[in-house]
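Novice: Curious how this folds, go ahead:
(6 chains)
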Number of protein chains: 6
Amino acid sequence: MRIRVILPVIGDALIDHVRTEVTGWAAAGTEVDVVSLERGTASIESEYDEALAGPGILQRVEEAAADGVDGVFITCFGDPGVHAAREIIDAPVVGGFEPAMLTALSLGETVGIVTVLPNVLPMLRSLGRRYGIEGRIGALRVVDLPVLGLEDREVLLDRLAEQASDAVARGEADVIVLGCTGMLGVAAELRDRLAAAGHAVPVVDPTGAAVTWLESSVRLGVTPSRTTYMPPPAKARSV
Amino acid sequence: MRIRVILPVIGDALIDHVRTEVTGWAAAGTEVDVVSLERGTASIESEYDEALAGPGILQRVEEAAADGVDGVFITCFGDPGVHAAREIIDAPVVGGFEPAMLTALSLGETVGIVTVLPNVLPMLRSLGRRYGIEGRIGALRVVDLPVLGLEDREVLLDRLAEQASDAVARGEADVIVLGCTGMLGVAAELRDRLAAAGHAVPVVDPTGAAVTWLESSVRLGVTPSRTTYMPPPAKARSV
Amino acid sequence: MRIRVILPVIGDALIDHVRTEVTGWAAAGTEVDVVSLERGTASIESEYDEALAGPGILQRVEEAAADGVDGVFITCFGDPGVHAAREIIDAPVVGGFEPAMLTALSLGETVGIVTVLPNVLPMLRSLGRRYGIEGRIGALRVVDLPVLGLEDREVLLDRLAEQASDAVARGEADVIVLGCTGMLGVAAELRDRLAAAGHAVPVVDPTGAAVTWLESSVRLGVTPSRTTYMPPPAKARSV
Amino acid sequence: MRIRVILPVIGDALIDHVRTEVTGWAAAGTEVDVVSLERGTASIESEYDEALAGPGILQRVEEAAADGVDGVFITCFGDPGVHAAREIIDAPVVGGFEPAMLTALSLGETVGIVTVLPNVLPMLRSLGRRYGIEGRIGALRVVDLPVLGLEDREVLLDRLAEQASDAVARGEADVIVLGCTGMLGVAAELRDRLAAAGHAVPVVDPTGAAVTWLESSVRLGVTPSRTTYMPPPAKARSV
Amino acid sequence: MRIRVILPVIGDALIDHVRTEVTGWAAAGTEVDVVSLERGTASIESEYDEALAGPGILQRVEEAAADGVDGVFITCFGDPGVHAAREIIDAPVVGGFEPAMLTALSLGETVGIVTVLPNVLPMLRSLGRRYGIEGRIGALRVVDLPVLGLEDREVLLDRLAEQASDAVARGEADVIVLGCTGMLGVAAELRDRLAAAGHAVPVVDPTGAAVTWLESSVRLGVTPSRTTYMPPPAKARSV
Amino acid sequence: MRIRVILPVIGDALIDHVRTEVTGWAAAGTEVDVVSLERGTASIESEYDEALAGPGILQRVEEAAADGVDGVFITCFGDPGVHAAREIIDAPVVGGFEPAMLTALSLGETVGIVTVLPNVLPMLRSLGRRYGIEGRIGALRVVDLPVLGLEDREVLLDRLAEQASDAVARGEADVIVLGCTGMLGVAAELRDRLAAAGHAVPVVDPTGAAVTWLESSVRLGVTPSRTTYMPPPAKARSV
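Specialist: Residues are numbered from 1 along each chain as shown, chains lettered A, B, ... in the order given. From the prediction side, this is the model:
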C-alpha cells in the first residue's frame, strides 16, 4: 500500500519530521512518500492561506493519481483541497479534521478541539457544520502558538494540557482532538498528563487518524462517490 | 460607491455582459468595475475549478483593497474565495449563494435552487449546512447545461421553468433561487412564466441579490468581523 | 420608491424621530411615511403586547396595500404581524429581526443580540428557531432598559458597549445586532467604542437593515411567495 | 377542576358542539366553560386570521384569570395567542398543536399531520421549528376543506383516510395528528379505518390531547415558567 | 383503568414507597400495581445497569400484556426497555424521561434537568438527541447522590435547590425536570423553594408526568404505532 | 492484536462464517476470536431482540475484559450493548452502525442504508439522531429478508442492487451502507453491479468497517472516554 502525504506548504524543512511521524503511525507494509508544495505559503493558519495552497495541492494530487498511489493525506487540519482532490483521483483522500473528528465521535459524547491560533476557530466551526456533526462538538480552544512555533515540546504540552483539562473539567469535552497536524508526537503524553490530572479521556492525533483512516479505506475497497465527487468537466485553464 | 466585480474565470469574453448586468442592478451612483482572472479556469463547475481559482481571486481582492473599493462581488454561485477574501479587505465581500439565499429566506418558507449541472449539487448542499440554513432549503434541481452553454436564452428559460414548476408543484420550493451567476437576465421572465402557470413565487437573481447586498452593507457601515475573519499572519509565500 | 413605516404602538410621540432615522438610512429617491397605530400598546416588550398590536398593524398594512406602497417596515424587532402582513400585500414586508439577523449572517460566524429587557429573550430564541438560523446565534443580552427608557443615549451606549464587549470577549458574538428598533442612532458609535476596546466587530442597526432590505427587494422585483403566504380565505370578521 | 375553552372565532354557532366534545374528553370532575370571541374572524385559516383574533383571545384569557380557572384551552390548531396568554395567567394554557404533537412524539417515530387547507401548512412547518421538534415531523397533508366546511363527516373521513393512508404507506407518518380542532369526533373512526387498511397507527385528536394535557398539568402543579413568560410591563394601551 | 408500574430493579424495598407515590399522582379510578424485577440490578445508574435490566423488564411487560393492563410505567428516568416494550404490548408504555421532558416543553423555553450522578449525563444527552428535542435542553446538573442515597430528604432538597437555582440564574433553565424517578415527593417543595429564591419556574416530577401521561393516552385511545414498533419476528430464544 | 467478536445471538451456526469473514478483513497480525451468546435470541431484528441480548452480550464483554483483548466487535448493525460495554472495558468497542456510518461520511454527501426488514428502520433513524449525524442520512431501504434468510446470495444481491440503484438514482444516496452484519461477503460485488449500472458509488461493509475501525483505534491508543463512559457504580445484581 502506498500513501502519498501532501504537506500543503512550501519548503522542505518539515518533510523529514512528517515522514517519520506518518511512518510511525503506518502499518508495516505501507509505503509513505511526503511531498511539499511548489506554490503556496509557509504554513496554513487562515482561509487565505488555504486558498493560496489550492492549486499547489491539486498539482500534487494529480501527480499522485498519475503515480497510482492508494491513498492521499493532505496533512493540514483544515482539510484544504480535500473535496476538490476527491473529484480527480480514484483513491481515498483525507485531511486532518475529518478522520480525527469521526474517530473521536466513537470515543465519547462531546468532542473538544485544541488548535493553534484563534484565527482558525471560525473555520473549524464551519467545518463542523459542513460535515453535519456540529451537535457533537464542544470546546474549541487554542494554545496560542503559530504552526511554525510548535517546536518547543514542553511549552506545547503545557498549553495543551491546560486547555484540555479546563475543557474536560467544565464538561465541554469528553474526547480531545489535536487541532493541528503540526502538533506531532504529543498525543500519548497529553493523554497521560490528563489522566494523571484525573481526566481519563482519549486524545486523537490527526496524523495518526488520517493514516489509519486511509489504510482502512483501502482495505475496505472504498473510494470517493462519483455522485458526490463528479469528475470536473474539461475546460480551458491557466494556473 | 465603487463595487469591484471579480469574475473568477480566465478570459475576457464575459466581462461586458457581466458589467451590463451588474450595472443594471446597481443604484444610480454606484460605479462598477469588472475584472476576470489571470489564473484559473474558463468556468467553475466543481470544487476542483473553485480551488484552482483561489489565488487568482485573492490577487484581485488584494488589488481591490489597494484601490479602496467599497465592496467586492465574486460573481460565482459557489462563493469561491469569499471567506478568504474577507480576511484581507475591510469592505463587504459576497459571492452569489449567500446573498441570494438569505434574501430568499425572507420571501417564503422553503427555498429551491435551480443550477447548471449535477456536479455542483453536493457543493450547494454543503454550503447550506456551512451557513446553517439547511433546514430551509428544499429542491435542488439542474437545467443540465454547462455554465458556458447558457447562451440560448429560450432553452435556458424552458428548462428553468420546467424544473422550477415541478419543484413548486411538489411543495419543495416556495421561492426559486437561480443557482448560477451565469444565468443572467432571466429572473423576471422566469417569475412571469411561473406565475402564468399558477405558481406565484418570487425568483431571486444572484447577481442582483449580490449587488444590492453590497450596496446595503456599505450604507449600513458594516464590514467583515475581525473576530471571525482575522487578518492572516504574515509568512513566506510563493504563489 | 415609497416605503410605509408602521410604528406598531399607539401615540405619535416617536413618529418624528423614527421618520428622521428611517429617512437617514433610505436611498435618495425613497419616500418614507410613518404611521403609528390606532389600537395597540405604548410599546412592545412581550408576546402579549405583540398580540394586542396585531389588528392595528394589519389595518395599517391594508391601508398600505390600498395606497400601493412599494414596501412595508413594521418597526419592531420581534417582527410582529410580519407574516400575516405578507398574506395581504403584494410588496415586501419586514420587521426588525429578520433583515438584521440575515444581514449579520454575512458578516461573521456567531451573531449576538443586545436587546432591552429579559422579557423578550425567549421570543428572540423562538424566532431564531422559527427562521431556522438558531445554529448561528450566540449571546442574547439585555441593557435592562425598557423601550420607552432608551432616551438617555449615554446610558444606552454604556450598557450596550458593556454587554457587547463581554459577549465578544467570551467568544459568544462575532457580530452585534441591536435587538430593539428603538435603539436609534447608536450603531456606528457602538461599533467605534467596541473597536476602541479591541473588538473589531460590525454592529447592525435593525432600522437600517430593514430599510435597505426593502429597497433591495423592490429593486430585485421580489414579493412574498404565494405558496407560503396565501391570501386569507374570505370570511366574516368583527375586529 | 375548571377549564375555560376559548373558541377563538366570532359567533356562537360552534359553542355547543365544542362543549360537548370537550366534555366528552374531560375527566369526571372537570367543569368546562366555552366562550367565543367578541372580536375576531369566523374561522382561523391564515396568519392573518390568527393576528386578528389576538386581542379577542387575550380578553378572554384575562377573564379566565379573573375567574380563577385551572386551565385554558384556546381551541385552534395553530396555537394562536398561547404564548401571550401564558404571560398573563398563572395556569396552564394550550392550543391544539403543542399538546397533540408532543403526545404524538411518544407514539411513533415520524408524526404526520392532516389539516384543512394548504394555507396553513407553512404555519405548521414554522411551529414545528419554533417548538424545536421539526426533526420528528413527516408528512403535512390537507383534506382541502375549509374549517367551516367540515360538517360532512363522511367526506371528511374519506379525505382524512385517503391522505393518512398515503402518508403512512410512503413511510412519511407513523402517527397521525388531526391538524384542525374543528375535526371533531372523527379520530377513533379514522384510526379504525386506517387499521382496516393495514395501517395500525394511532390518531391523535387535538381537542382530546389539549384537555387531557391541561388536566395533567393541573394535577402536576405546573404553570408557565416566569423566566420564559414574564408578566408584560405595565403601559398605556388602547385596544 | 389499570396501570402496571415496573420498578426496573431487583428487591422489594422500594415497592411500597413507589406504590404510594404513584397512587398519589393517579386519578381516582386508576388501579396501580407495582412489580420489581426477578433479574437485574439494585439500581440503574449507567448504560450497563440498563442493559442488565432489559430481559427482566420485558418479562414484566409480557406479564402486563397477558394481564391486559391499560398502561405500563417503567419507573426509571433513562427509559430502559421502553421502546422494546412498545413492540410487544398494545397499550401505552412510558419511562420517566419522555413524559417529563415533553411535559416540560409546554412550560418554558429551555428545560434543565437535575439528576443523581455524572454517570448518567451522557445518557440523557443521547436521549435528548434520540427524541429530537435536544435544541430545547439546557442545563444538565447532578446532586451527586446515588439513587439509593436519596433518602435524606433535606440533603436532597438542598442540593436540588442549589443546582436548580444556579441553572435558572444563568439562563440555562426555565423549567426544572427531576432527572431520577427515585426523587420522590420533592417536586412541590423544590418549586416553592425556587420561587422563594425569586425563580418562579415549574418543577416536573417524572413519576407524576408518567402517570398522568399514561392516563391521558388511555383516554385518547392511542397505543404504540405498529409502523414504528412492529411486533418482533418469532424466533428461538433462551434468556 | 487480539479482537474479540461477539455474535450477539444464541447458537453456533454462524460462528465459522463470521470468523472467516472477520479474519478476511483483519490485518495480518490480528488474532480473531468469535463467541456467540449463552442467553439471547437467534437473531436481532427488533428493539425487543436487542434488549433480550443485553446481559448475554455484557457477559461476553466482561470475559473479553478479563482476557485482556485489544478490541471488541459486537457484530450487529444496531450497536446493541455497545455503549454499556464501553463502561466496563478499557479497549475500543464497536457494533456495526457506528463504524460503517462514520466511514461512509468520508466518502460522499448523503449516506443510504439497505437493511433487512422494515422492523429495524425506526431503530436506525433513532441511532442516526443519537449519534448526531442524521443530517447526512438519506435513503433507508430494506431487502425484505430476515437475518436468517440471507443465505441465498443471488437473491440478496439482486435485492440489494435494486434498492441501492433506486436510492442512488433518486439522489437519496451517494454511498451505500449494508445495514446488517449478516450481509457477509457481498459488498464488493454490489459495488461492481452498481458501477455497471452507471452508479459509481462506494459500498461499505459493516463487518469490514468495524474490524478496521478497531485496529485503527488500537494503533491510535484511544479507548472509551471515562467522562462519557464512567464505570458503573458497584451494586447488588442478579442476572
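Novice: In chain A, what residue comes closest to chain D?
Specialist: Across chain A, the shortest distance to chain D (Cβ to the nearest Cβ) belongs to residue A:135, at 10.9 Å. For every residue, glycine as well, the C-beta is placed using N, CA and C.
Novice: ok, that residue - contacts?
Specialist: The contact partners of residue A:135, by Cβ atoms under 8 Å, 6 or more residues apart in numbering or on different chains, come to E:129, E:134, F:132.
Novice: Using the three-state scheme, assign the first one.
Specialist: With DSSP: H, G, I helix; E, B strand; the rest coil as the basis, the three-state label of residue E:129 is helix.
Novice: what's the neighbour count on it?
Specialist: By other Cβ atoms under 10 Å in any protein chain shown, the residues close to residue E:129 number 22.
Novice: Tell me the one among the contacts of residue A:135 nearest to residue A:108.
Specialist: Distance to residue A:108 across the contacts of residue A:135 (Cβ to Cβ) is lowest for residue F:132, with 12.4 Å.
Novice: quick one: residue A:145 is in a strand?
Specialist: No. Residue A:145 is assigned coil when assessed by three-state DSSP, not a strand.
Novice: Please parse chain A into its domains.
Specialist: Using automatic domain parsing, the domain parsing of chain A gives A:2-95+A:208-220, A:97-206.
Novice: now the longest one, how far from the chain's geometric center?
Specialist: Here the centre of mass of C-alpha atoms in domain A:97-206, compared against the chain's by Cα atoms, centre = their mean, to the nearest Å, lies 12 Å away.
Novice: and the longest helix along chain A, what does it pack onto?
Specialist: In chain A, assigned by DSSP state H, the helix with the most residues is helix A:47-67. Helices and strands touching helix A:47-67, by 3 or more Cβ pairs under 8 Å, 6 or more residues apart in numbering or on different chains; DSSP states H and E, are strand A:2-10, strand A:31-37, strand A:40-41, strand A:71-74, helix A:82-86, helix B:47-67, helix B:82-86.
Novice: Check which residues of that helix are buried.
Specialist: By 16 or more other Cβ atoms under 10 Å in any protein chain shown, the buried positions in helix A:47-67 come out as A:47-61, A:64-65.
Novice: Send me that helix as PDB with only the CA atoms.
Specialist: Extracted C-alpha coordinates of helix A:47-67, given in PDB (Å, rounded to 0.1, in the frame of the first residue of the first chain):
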ATOM      1  CA  GLU A  47      -8.800  30.700   4.900                       C
ATOM      2  CA  TYR A  48      -6.500  32.900   2.900                       C
ATOM      3  CA  ASP A  49      -3.500  30.600   3.300                       C
ATOM      4  CA  GLU A  50      -5.800  27.600   2.400                       C
ATOM      5  CA  ALA A  51      -7.000  29.300  -0.800                       C
ATOM      6  CA  LEU A  52      -3.400  30.100  -1.800                       C
ATOM      7  CA  ALA A  53      -2.400  26.500  -1.400                       C
ATOM      8  CA  GLY A  54      -5.300  25.200  -3.600                       C
ATOM      9  CA  PRO A  55      -3.500  24.800  -7.000                       C
ATOM     10  CA  GLY A  56      -0.300  23.600  -5.400                       C
ATOM     11  CA  ILE A  57      -2.200  20.900  -3.600                       C
ATOM     12  CA  LEU A  58      -4.100  19.800  -6.600                       C
ATOM     13  CA  GLN A  59      -0.900  19.600  -8.700                       C
ATOM     14  CA  ARG A  60       0.400  17.100  -6.100                       C
ATOM     15  CA  VAL A  61      -2.900  15.200  -6.200                       C
ATOM     16  CA  GLU A  62      -2.700  14.900 -10.000                       C
ATOM     17  CA  GLU A  63       0.800  13.600  -9.700                       C
ATOM     18  CA  ALA A  64      -0.400  11.100  -7.000                       C
ATOM     19  CA  ALA A  65      -3.200  10.000  -9.400                       C
ATOM     20  CA  ALA A  66      -0.700   9.500 -12.200                       C
ATOM     21  CA  ASP A  67       1.600   7.500  -9.800                       C
END
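Novice: angle of that helix against strand A:2-10?
Specialist: 150 degrees (axes from the mean of the first three to the mean of the last three Cα atoms, to 10 degrees).
Novice: what does chain A put close to chain C?
Specialist: With Cβ under 8 Å from any Cβ of the partner chain as the criterion, chain A meets chain C at residues A:121, A:122, A:125, A:126, A:129, A:134.
Novice: And the residues you listed, which is closest to residue A:166?
Specialist: Residue A:166 lies nearest to residue A:121 out of the residues of chain A next to chain C, by Cβ to Cβ, at 15.8 Å.
Novice: Could you give the number of residues near that closest one?
Specialist: By the measure other Cβ under 10 Å, the count of residues near residue A:121 is 22.
Novice: what's the closest non-adjacent residue to it?
Specialist: Nearest non-adjacent residue to residue A:121, counting by Cβ to Cβ, 6 or more residues apart in numbering or on different chains: residue A:140, 5.1 Å away.
Novice: ranges for the helices of chain A?
Specialist: Taking DSSP H, the helices of chain A run over residues A:15-25, A:47-67, A:82-86, A:97-105, A:121-130, A:153-169, A:187-196, A:206-220.
Novice: hmm, back to that, can you tell me how far the residue of chain A closest to chain D is from residue D:111?
Specialist: 21 Å (Cβ to Cβ, to the nearest Å).
Novice: and the spatially most central residue of chain A, what is it in contact with?
Specialist: By Cα atoms, centre = their mean, chain A has its centre lying nearest to residue A:96, at 1.5 Å. By Cβ under 8 Å, 6+ apart, residue A:96 lies in contact with A:75, A:76, A:77, A:78, A:79, A:180, A:181, A:206, A:207, A:209, A:210.
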